[in-house]
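# Give me the fold of what follows.
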Amino acid sequence: MNVLKQPGLPKNLYTELLHMVQTCQATVGVIGLGYVGLPLAVTAADRGRYPVIGFDIDSGKVAALDRSESYIDAVSQEMLDSVVRTGRISWSADFSRLAECQVIVICVPTPLTKHREPDLSYVEATARAVAENMAQGTLVVLESTTFPGTTGEVLTPILASGGKVAGTDFWVAFSPEREDPGNAKFSTSSIPKIVGGDSVEANQLVAAFYENVVDKVVPVSSTRTAEAVKITENIFRAVNIALVNELKMVYDTMGIDVWEVIDGAATKPFGFMPFYPGPGLGGHCIPIDPFYLTWKAREYGHSTRFIELAGEINVNMPGYVITRLREVLDKSAGKALSKARVLLVGISYKKNVPDTRESPSIKLLDMMLDGGAEVDFLDPHIESIPRLREFPHLFGRKAVQPSEIGERVYDAILIATDHDQVDYAELAALNIPIVDTRNAFAARGLPMNLVTKA
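The predicted structure is shown next:
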């Protein structure tokens, strides 16, 4: 018997919402149309066949999407055009339209302050907008990475500030994003989705929603557990990257190639997982998220020594690279950094993506310029440096074109990001010293006589 159609029975918001979610009748609002939100919005409309409204305070993004222009590599132009043609997706900067949504997913940034403490201002502002506009019978899901307890201690009280009651008028869940920009093997729909609600009902709702969107849903017992899963994943990577970065510095003084060591160790079929060194950490997750737990742990009287040590090592890696560059310039050209002209290869934080968030390449550029060097950068994915909170003075610097490189005289090349589209053989043909932080030349079997690994 379908109780929803029986006259005279009181309206059951939860039962009605669950039915709408399961049958893809619920309108989904995705707030934040960046690297996480846009792929989710498109996937929910395409694979999930939900009606979707994407929200963003950036009118430029909304205007681009209104023109059906994708600015995220994970959402191809073909994919965007296809889902737009279905009529199931639209874009808006008008947050009053959240009242039309039965499922609201928050995908906004969670940066650190200059004192390396959590900055939840984007989450809090978004929560206030949701509280002001959401209708009764709404599921609200936070995807932004944060410390365990954020959903229950920060998000839910703000949502309830307008008089609605959690668990009766709305339900709250956490489902961490697991996007990996540039990874062609996995998409939003193929990455297993952790979900945790603040109640049994919220767990059922959030699982029902994502089951229509992704291949596999992995329910956990609570929002706090789901938050801890995500932050643990990123701490695991940060600590292991710090370990190999430290080994790189130690082995370098011993005349041992750390990349050869790691490749050798990786042949062991158990008990070892390869991580690779670099010039520092980049991206929105790994350099930032571990410090969210460090901050929260103090509330419980715990220190997080591994996390803080790993952070110290990774933060200091750009300085190590600049020291190696200074040594190479002095030895090969008898020049100080202040008198040198350097070609920096790769300004994004990882290969094959146009993403500069927390990029160690940006830090390297700033350090070289601060040291008095002339610096050009080459990056096939980035035409010019976008606005960055920590480096506003670098805004608008344009990449050098490959055709211009042979016309300029450089004292050294610094490989910071090993994009596949770069012609490394052409760089080698310049016959000048190369400082390689990514093992790019050895991995491609190119001559190593002028290459210094760093």
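# Start and end of stretch 158-175, how far apart?
Start-to-end span of stretch 158-175 (CA to CA, to the nearest Å) is 19 Å.
# and it, what's its mean pLDDT?
The average pLDDT for stretch 158-175 rounds to 96.
# And for stretch 445-454?
Mean pLDDT, computed over stretch 445-454, is 95.
# Now do the buried residues in that stretch.
Residues of stretch 445-454 classed as buried: 446, 450-454 (neighbour count, 16 or more other CB atoms under 10 Å). C-beta coordinates here come from the backbone N, C-alpha and C atoms, glycine included.
# just those residues now: which is nearest residue 353?
Ranked by distance to residue 353 (CB to CB), the buried residues of stretch 445-454 are led by residue 454 at 22.0 Å.
# got a list of what the closest one touches?
The contact partners of residue 454, by CB atoms under 8 Å, 6 or more residues apart in numbering, come to 252, 279, 320-321, 324-325, 435-437.
# same thing with residue 59?
Taking CB under 8 Å, 6+ apart as the test, what residue 59 contacts is residue 93.
# That one and residue 360: what is the separation?
Per CB to CB, to the nearest Å, residue 59 is found 31 Å from residue 360.
# what's the answer for residue 274, then?
20 Å.
# more neighbours, the two?
residue 360 (23 against 13; other CB atoms under 10 Å).
# distance of the more buried one from residue 314?
Taking CB to CB as the measure, residue 360 and residue 314 are separated by 9 Å.
# what touches both of the two?
With CB under 8 Å, 6+ apart, residue 360 and residue 314 have common neighbours 280-281.
# can you pull the buried residues of stretch 126-135?
The neighbour-count check on stretch 126-135 (16+ other CB under 10 Å) flags 126-127, 129-131, 133-134 as buried.
# all strands of the stretch 301-450 of the chain, in order?
According to DSSP state E, counting those that start in this stretch, the stretch 301-450 of the chain carries its strands in the segments 341-345, 374-378, 412-415, 434-436.
# In its sheet, which strands sit next to the second one, and in what direction?
Pointing back at strand 374-378 there. Applying DSSP bridges, strand 374-378 is found paired with strand 341-345 (parallel).
# List the contacts of the strand it pairs with.
Applying CB under 8 Å, 6+ apart, the contact partners of strand 341-345 are 325, 361, 364-365, 368, 373-379, 400, 405, 408-419, 422, 427.
# change it to 6 Å
Residues outside strand 341-345 that contact it (CB atoms under 6 Å, 6 or more residues apart in numbering): 365, 368, 373-378, 410-416.
# and of the buried residues of stretch 126-135, the nearest to residue 76?
The shortest gap between residue 76 and any of the buried residues of stretch 126-135 belongs to residue 126, at 27.4 Å (CB to CB).
# How much space separates that closest one from residue 156?
Relative to residue 156, residue 126 is positioned 13 Å away (CB to CB).
# do residue 103 as well
Separation of residue 103 from residue 156 (CB to CB) stands at 16 Å.
# Repeat that for residue 191.
Applying CB to CB, the value for residue 191 to residue 156 is 26 Å.
# Counting neighbours around each, name which of these two comes out higher.
Higher neighbour count among residue 191 and residue 156: residue 156, with 21 against 17, using other CB under 10 Å.
# which of the residues in the helix or strand hosting residue 21 are buried?
Residue 21 belongs to helix 13-22 when assigned by DSSP states H and E. By 16+ other CB under 10 Å, the buried positions in helix 13-22 come out as 13-14, 16-21.
# okay, these in CSV with pLDDT and distance to residue 215 next?
Converted to CSV, the buried residues of helix 13-22 look like this (pLDDT from 0 to 100; distance: CB to CB, whole Å):
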residue, pLDDT, distance to residue 215
13, 93, 29
14, 95, 26
16, 95, 27
17, 97, 24
18, 97, 21
19, 96, 23
20, 97, 22
21, 98, 18
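# Which single one of those residues is nearest to residue 160?
Taking the buried residues of helix 13-22 together and measuring to residue 160 by CB to CB, the closest member is residue 13, at 15.1 Å.
# Report the contact partners of that closest one.
136-137.
# distance of it from residue 38?
Distance from residue 13 to residue 38, by CB to CB: 30 Å.
# swap in residue 277?
Noted for residue 277: a distance of 31 Å to residue 38, by CB to CB.
# now swap in residue 197 and tell me
Distance, residue 197 to residue 38, by CB to CB: 25 Å.
# before we move on, what about residue 424?
Residue 424 is 32 Å from residue 38, by CB to CB.
# Compare the two and say which is more crowded by neighbours.
Legend: neighbour count by other CB under 10 Å for residue 424 and residue 38, higher for residue 38 (25 against 20).
# so which strand or helix has that one?
Here residue 38 is assigned to helix 37-46, by DSSP H and E.
# hmm, back to that, any idea which of the contacts of residue 454 is closest to residue 175?
Distance to residue 175, by CB to CB, is smallest for residue 279 among the contacts of residue 454, at 32.4 Å.
# Nothing else from me, thank you.
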